[in-house]
Each structure stands twice: as structure tokens, then as C-alpha cells.
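Undergrad: Okay, sequence plus prediction incoming.
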Amino acid sequence: MASNWPILSLLIWLPIFGGLAVVAAGEQRASLSRVLALAVSALTFLLSILLYSAFDTSTAAMQFTELKPWIETFDIYYSLGVDGFSVPLILLTTFFGVLVVIASWESIQERVHQYMASFLIMEGLMVGVFSAIDAMLFYAFFEAMLIPMFLVIGMWGGPGKVYASIKFFLYTFLGSVFMLVGLIYLYIQSGSWSILDWHQFPLGLAVQKWLFLGFLAAFSVKIPMWPVHTWLPDAHVEAPTGGSVILAAIMLKIGGYGFIRFSLPITPDASAALDWLIIMLSLIAIVYIGFVALVQQDMKKLIAYSSISHMGFVTLGMFLAFAIFQNTDSGRGAALGVEGAMVQMISHGFVSGALFLCVGVLYDRLHSRMISDYGGVANRMPWFAALAVLFFMANSGLPGTSGFVGEFMVILAAFQANFWYAFLAATTLILGAAYSLWLVKRVIFGEVTSNDVAMLEDINAREALVLGTIAVAVLLVGLWPEPLVNLMHASVDQLLQHIQQPKFPVAGI
Amino acid sequence: MNSANMLLAAPEFWVLTMACVILVADLFLVEERRGIIHMLAVITLIFAAIITLRGDYTSDGARSALAFNGSFIRDPMGDVLKLFSYFVLAIVYVYSKFCLRQFRMFRSDFYTLSLFALLGVMLLISANSLVMIYLGLELISLSSYALVAFDRDSRKGSEAAMKYFVLGSMASGMLLYGMSMIYGATGSVDLYQIAEAVRLTGSDDTMLIFGLVFLVVGLAFKLGVVPFHMWIPDVYQGAPVATTLFISSVPKMAAFAMAIRLLQTGLGDLHTDWSQMLSILAVLSIILGNLAAIAQTNIKRMLAYSTISHMGFVLMGLLPGTATGFGAGMFYVIVYSLMSAAGFGMVILLSARGVEAEKLDDFKGLNQRNSWYAAIMAMVMFSMAGVPVFVGFFAKWLVIKAALDAGLIWLAVIAVIFSVVGAFYYIRVVKLMYFDEPVTESPIEAPVDFRAAISLNGVMMLGLGIFSSSLIAICMASFGA
């Protein structure tokens, strides 16, 4: 059966070597690059479906584990495995891996081989991040991922690409080096690099707090949280469509994944002690960044700010658990929060990816992202308008779409923690609707405002395929979230049980 | 003195002999046949490696063996460093041949001088007495002074050589002064006996500490760490790029060995004293090296400041005084030599028609001119910046781990913050190559051996990173960690 294959290794290395093959195909053979990239990414996606179908949802233990020595002198292993948190994210990654290749089929004409290779390599590295159980391996993937993204933004980006790409690189690099110090410290204390060993390793509260802050530095930049979010709007605006899609749909999720994999289980007591900090920052992101999104003139910037605001829900949902434990006896509310955060990540992956693709569709035609340059697009592009409106509705959390499920779960959980948390979090339903629908009104509906818009042509089959596929996913998760939630259920329960146990060593602090 | 003892120094004898042979052989060769000198030099290195590898001195279970009345030592650390010195020098020769030909400086002096310098490197690596250390050091220094002034007609080169000579002599003087005080305090020049004497007298001896200060100053000069770094940027910029390539790579491994021999073997009991001094030097180097590099527009100067910061990291490995720390420093210095060789190799590659490509802008749009060379340079830059999974990351990681092991969390935090600062100027080079349009469309041409060497050198950045396990194990095993 499939469990005998090193399926995770295949998922990581197939796109990476595929990427190298694409780049070796050379600049002259652009169409070969495209076809090869599509084949590799499609194969990877099929493999991940295989992973999903063979995944056992009844256990929280790591599955499909692989273990090989890497740097034996320091107990570093090439150690892979997936649980209920990683599988959905891996599926999301491989899903967008295919879509990005299709979406960039025509819009990228220069150095196609390098473009496609960057995305394939990035895909492999991101799968690596989600499946590494060795902290050193995780860190290697986590950092190496920056390089292709840096090149994508800088090589195919807009006019401000240099500033945006360097800011992106340095911001995330700065965040993660603090985590590196924390990881090395943990190794020195515990003598192991296995994240699972660290989950069980007792630590004093003071140490936990420092480690927590180290993790926070890395993941808060990545996800990103207010006030370290400023790289994101720049990177999004300047990146080519494919870059924005991967950035929003997957890279941000790595921050959230980090909180679940590192912060909560390794430093549970510090998380409990400092949960007010995360909750506060999340609420600021949800409310304040929501207002910031409202005033944006640039569509990509608006979606970028809306992403930050939605990521606030993710961090909020994860760190509500401690307040809920205090208020109620059952952990059901806490589970709702964490599951809501996970669903929100997946849903936001679909929705924000789709929104950036929609902007890409418009940008390919008019070469403008400014809201004021559009108006009445629906008159010329009815199919596009239908899909775009669906995605913007999902972005504002309309019931029946995936955006609703996650937000609703988190708000329900927030009620069990504190009324005001829930109250502030719920403002997003108003703010999100406001900025999303106002954008829809200005860009898509109304009279045709300019000659350029009057010349627009509706989406072709390729674009319809990409957007249509995501639309199906958005509705599927929105109407029937059960399979997705089941996937992570066992892992969430185990995580919540784990974080209720103090980790102090027996001798006290 | 028996022959078995002499055999321990067989690689040194071989290199010495061949240096003399090349010196004489040149007299009998016409201009067109000078390629033979190059071949001879490379063969010298290959055989030196074979002799070093075959030397068996651990038969009686000991990890090291002494010769020449205890002033010469063969041990695993020395062997590994020597092997990498041969390897890096061989790469340097391939790069330099192309460079020297282009600049019409293809003379055998470069080979003889650098082989004598290599002899100095080997002696320094294997030195076990103050006299041998001084001997090795001066052999390197004198050869390097001449190499810097190799382009006779260049005013910048002569100026750089002058600066290097004056400052280098002063550093040697300091070192000698420190050595004489150590001798005065302990009554011996043999490092083992010095260690024994220090153990007996304890670390309260003022003369000993005074001597140590001067030793560290001399050492800092040779390594080129702040505040004794002034010569580095000027010499790197002024010297012909082939020379810069040489002095930035191979002698650093010797300087590392010298630090180990002097501070650990000889004065290990003064660890608390020297580790304080080294921590100041390390922090200042990492900070100043990285900050000053940002302001440079000349790539040779930029790499010079980057060297300063790298040497700060090497010192960071040394200062905890632990076996893992020394292993980390050794790994770092080896990796640094390889990275530096590749970096200057790229500068040579881009130099065309007798004009050195020393401006950062010369790298503009390299990806469009030749994407493979751009990829090599990008790998070198990411490696220097310490991005995983390039080998430079593992070097930084090991020294940071060594510092954390010793409880020096503040030092580790400073180091990581400034490695992010450093990342800025490295990725700026990547930006120039990938994001900017080329200034010139002229194709980049190089002979096949050059292309092979630079490709190998570049791929090593990634290969040694992914498969860093064995090199790390070797370095750690050298110190029994």
C-alpha cells in the first residue's frame, strides 16, 4: 500500500527536482517549461490526494513517518510525518501549486523557465515545512522558502519590486533568526531536535516565556500580525499574480501552522500566561486593519489588508483556548476555536488566492490595479463578475461559503471566553462586508466608466477553469465542512489536552 | 631525531622541494610554455594531499605525534586544515591562471610565492612552539607582501603592499613581544611546556597576562578583526584580484590554527582571560564588518568587510573554549575559505580585457547574460548570508550553538541580528544580478578548467550544505567532540 512509499519525500522532492528540470530546459523552450511544470505540479497534487485518502483520521499520531540520519553529530534527522494539522495544509499547497502554473500560463512571457521553476521549488519546500518533525529540518525548509519567493517578487514584480522583495526577505529573516536561537537552546536543553520530543520536554515558565517570544518573532512576521505586518502589503502589491497567490494562500498559513506546531505545545504555560498579548494583537488586527482595508485605493492592497485582518481570526481562535478553560469545564469551546482557526486558514487560502487571481485577470487586461480605473466590469465580463462576487462574498463571511465557517466557529468560541472578544471579532462581519462589497460596487457593478473597461473581454476557458475550481472548493467547504473538520479532529483534541497540562519540571521553576 | 620523526613533516618537505623546483624550472622555460609551471604547481598540491593522507602517525593509539623536539605536531586538526588548504589553493590556481593571463602577469613568481606561503601555512598549522609559529607566520606574511605588490606598475597595488607591510610588521612585532613575555614567564617556547608552567603558576601572573594581551593583538591583526582590521579593505582592494583571492582564503585557515595552538594548547588555562578579549573582538567585528559592508560600492571592499565579520564569527566559535566550539570555528573557517574563493572567482570571471570587475554594478543583469554563473554567485551570496540549506548557514549555526552552549545568549543574539544586517548587502548582489538590466551584453568567456572549478565551487555551497554531516563530523572529531 501507499504507506510503504516515502510519499512525503516524494511530495517534497518531486516538485524540487521537477523545478530543476524545468530550469534546465532553458529559456528558449518556454512552452516546454510550462507543460513540464504543469505535469510535475499535477502529479504532485495527485500524490497528495493519495496521501489524503490513506490518511487515518482517528489518531493524532504522526503518520507516513520517515526517519533518516542527516547530521548525526548533532542528532539531526531527516524526519517527516503528518498529522491532522499538516494534511489539509499540504493539500492546499499542492492544489495551488497546479493552479498557479495554469494561471501564469500566458501572463508570464519572460524567463518562463525560471518562473515556473521558482514556483515548483517553492511548492516542494512548503510541503517540507508542513511535514518536517525535526526542528532543524523545519527551519531549513522555512528559510529556504524565502529565496524563490524573493526572486519571484524581484524578477517579475511591479515598479517597486526591489524595495518590496528586500523588505520581505529581511523582515522574515529577522523574525526567524530569533526562533533559531530558541531552537538551538531547546536542543541544548533536551538533546533532541524532534518537535514531538519537545512537546513532552519539561521547561520552567521563565524559559518558556523567552522561547515563546522567539517563536512569536518568527511566526508573527510570517502570518503576519499587527504591528509587524507592513511587509505584506508591499510584497503583495509588487509581486506578480502567482507570487501574491502563493504568498496569501500558503505562506501566511505557515505562520499559523508554526503557532500550532511550536508555540502552543512546546510552551503551553507561556502561551497561557501571554495569551492576552496575542488576543489583543489579533483584535487590533481584526478591527484596525479592517478599517485600513476600507480606505485602500489599490485592489491588491485591499486584499492584502483583508488577509491580515483574517489572519487575526486565526491567531485569536488558537489562543482563546486558555480563557475558555477557565470559564467552562468542557473543552468543546476551545476545540471550536482551534478548529475554527484551522478552517479559517484553509478557507482564507482559497478565498484570498482566488481574489488575487481575480485581480490578476483584470490586471492582465488593463494593467492597472487601481479601483478608480474600473467600474461596470460586470457589463463586459459577466462570468468573471459572477465568480468574483462569489469570492468577495466569501471574503466577507457570507453563510454558505467557506469564509463563514471559520469565522463563525471562532466567534462562537470567543463568546465562551469573553463577551467583548466576541463583540470585537464580530465587527469583522460588518467591516469585511463593507470593504469587500464596496469594492465590488465600485469595480464590478454600475455603469461602464471608461473606454478601457468597455473593451474588456470575458475570461477565457483557462481562467474560468482556475477560478471555477476554487469556487467549487469555497462552496464545498462552506456547505459541507465536515470532512475537513474530521481530518483535524483527533489532532485538535490531543493538542488541547496537552496544553492543559503544565510543563514545569517536578522541582518547580 | 630519527627518520620516522622526519617523515611526519613529509608534506612540508615536498612542498618546499617543489617550490624550489618551480623556481628553477622557470629559468629554463620560454614564455609560451609557462603553462607547465601551473601544471607543476597543481601536481604539487595533489601529491601533497596524497602524502598528507597517507601519513600514518596514530599507530600507537595516540591522536597526535611530535617531531623536531616537540616543535612540530601532526594531528587530525592540522591534517584536515592542510588538506583544505591544498584544495582551496588548487582552486585559487585555476582562477588565477585565467586572471593573470588576462592581465599579462602570468609569471611563475606567483606560483613560487604562493607555494612558499603555503609552506608557511602548513608550518603554522603544525606549529607546536612559539618559534615555529613565528617562522610559519613570517613565511606567509613575507610572501603575501610580495604577492600584493605583484602588479609592479600599479600604484594602488604598491600602496596596498606598503600598508600591509608596515601594519603586518607591527603586528608581528607585537606578537614577538608577547611571545618573549610568555617565554619570560614560563621559561619555555614549547607550547606543551608552556601549558604545564601555566598550570603550575596559575593565571595570576601579571607578565603572563601581559604577554597574552600582545599575543591576542598580534593574532587579531593576522585574522583581521576589529579594531585591528584597517589593512584588510585597502589590501583587498589594492592587490591584484588573484592575490586577494589567495590572501582572503588559505591564510585564514592558518590563522585559525595559530589561534588554537597559542590559546588552547599553550594558554588553555588562561581561558577566562582570553575569552573575554575574544568576545570583544568578535562582537566588534560582527557589528562593524556588517555595517561597513553595506556602504561599499566596490565588491572587493565589500567582501573585505564581509571577511571581517566572518572572522568575528570564527572567534565566536573559539571563545567558549569547548571542543564543539573549536570544531565549529574550524568548520566555519574552512567553509569561509571556500565561499571566499568562489566570491573572488566570480570577480575574476567578470573581469574582461584587463579591467577588473570590481564595481558592484558589474554584476548587474548577470542572470540575463549567463544564468548559470548568476546562480553560482547567488549560491555564494546566500551561503555567506547564512540562509539554509547553504553551507554558510551550518557554519553560523554551529558557532551560535557553541556560544549558547557556553551560556553566552547575548552574544548569540547579537550575532543573529547582525547576520540579518549582513544579509542585506549579500542579497543586494542577488538583486543586482537578477532584478536589474545588464549594462553590457558582452558574453562571459572562460577556459574550461575555470568553468569547471567555479561550477564545482558554487555547487559545493549547496552540496556541502545538504550533505554537511560528514564535514561537521570531521571537524568535531578533530577536537574529540
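TA: Perfect, I can see it now. Numbers count the residues shown, from 1 in each chain, chains lettered A, B, ... in the order given.
Undergrad: Strands of the chain, residue ranges please.
TA: Chain wasn't specified; assuming chain A. A:63-71, A:76-82 (DSSP state E).
Undergrad: meant chain B actually
TA: Using DSSP E, strands in chain B cover B:65-67, B:72-74.
Undergrad: list the helices and strands the last one packs on?
TA: Counting contacts by 3 or more Cβ pairs under 8 Å, 6 or more residues apart in numbering or on different chains; DSSP states H and E, the secondary-structure elements packed against strand B:72-74 are strand B:65-67. The C-beta positions use only the backbone N, C-alpha and C, and glycine is treated the same way.
Undergrad: any chance of the strands of chain A in a markdown table, plus mean neighbour count and distance to chain B?
TA: Below are those laid out as a markdown table (neighbours: other Cβ atoms under 10 Å in any protein chain shown; distance: least, Cβ to the nearest Cβ, whole Å):
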| stretch | mean neighbour count | distance to chain B |
| --- | --- | --- |
| strand A:63-71 | 17 | 5 |
| strand A:76-82 | 22 | 8 |
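Undergrad: Please identify which of those strands is closest to residue B:460.
TA: Residue B:460 sits nearest to strand A:63-71 of all the strands of chain A, at 16.8 Å, using Cβ to Cβ.
Undergrad: sorry, back to before: between the strands of chain B, which gets the lowest average pLDDT?
TA: Mean pLDDT is lowest for strand B:65-67 among these, at a mean of 81.
Undergrad: can you count the residues close to residue B:439?
TA: 13 (other Cβ atoms under 10 Å in any protein chain shown).
Undergrad: separation between it and residue B:431?
TA: Taking Cβ to Cβ, to the nearest Å as the measure, residue B:439 falls 15 Å from residue B:431.
Undergrad: if I pick residue 47, what's in contact with it?
TA: If you meant another chain, say so; for now it's chain A. Contact analysis of residue A:47 by Cβ atoms under 8 Å, 6 or more residues apart in numbering or on different chains lists A:7, A:10, A:11, A:14, A:94.
Undergrad: ah, no, chain B please
TA: Residue B:47 touches residue B:14, counting by Cβ under 8 Å, 6+ apart.
Undergrad: Can you tell me the closest non-neighbouring residue to residue 13?
TA: Picking chain A for this. Spatial nearest neighbour of residue A:13, excluding adjacent residues (Cβ to Cβ, 6 or more residues apart in numbering or on different chains): residue A:124 at 6.4 Å.
Undergrad: if you could check chain B rather than the one you did, that'd help
TA: Using Cβ to Cβ, 6+ apart, the closest residue to residue B:13 is residue B:6 (7.9 Å).
Undergrad: Mind checking the strands of chain B for the one nearest to residue B:55?
TA: So among the strands of chain B, strand B:72-74 is nearest, using Cβ to Cβ, at 6.7 Å.
Undergrad: which residues are contacting that closest one?
TA: The contact list for strand B:72-74 (Cβ under 8 Å, 6+ apart) reads B:8-9, B:55, B:57, B:64-67, B:123, B:126-128, B:132.
Undergrad: ok so, going back, just give the number of residues close to the residue nearest to residue B:13.
TA: Other residues close to residue B:6 by other Cβ under 10 Å number 13.
Undergrad: thought it was touching residue B:65?
TA: No - look at residue B:6 against residue B:65 with Cβ atoms under 8 Å: they stay out of range, at 11.7 Å.
Undergrad: Taking the stretch 151-300 of chain A, what residue is nearest to chain B?
TA: Chain B sits closest to residue A:177 of the stretch 151-300 of chain A, with a gap of 3.9 Å, by Cβ to the nearest Cβ.
Undergrad: Contact partners for that residue?
TA: B:416, B:417, B:419, B:420.
Undergrad: just residue A:225 next, same as before
TA: Applying Cβ under 8 Å, 6+ apart, the residues contacting residue A:225 are A:278, A:281, A:282, A:285, A:308, A:311, A:312, A:315.
Undergrad: ok, the nearest residue to residue A:317 once chain neighbours are set aside - how many residues close by?
TA: Leaving aside its chain neighbours, residue A:317 sits nearest to residue A:341 (3.2 Å; criterion: Cβ to Cβ, 6+ apart). The number of residues packed near residue A:341 is 27, by other Cβ under 10 Å.
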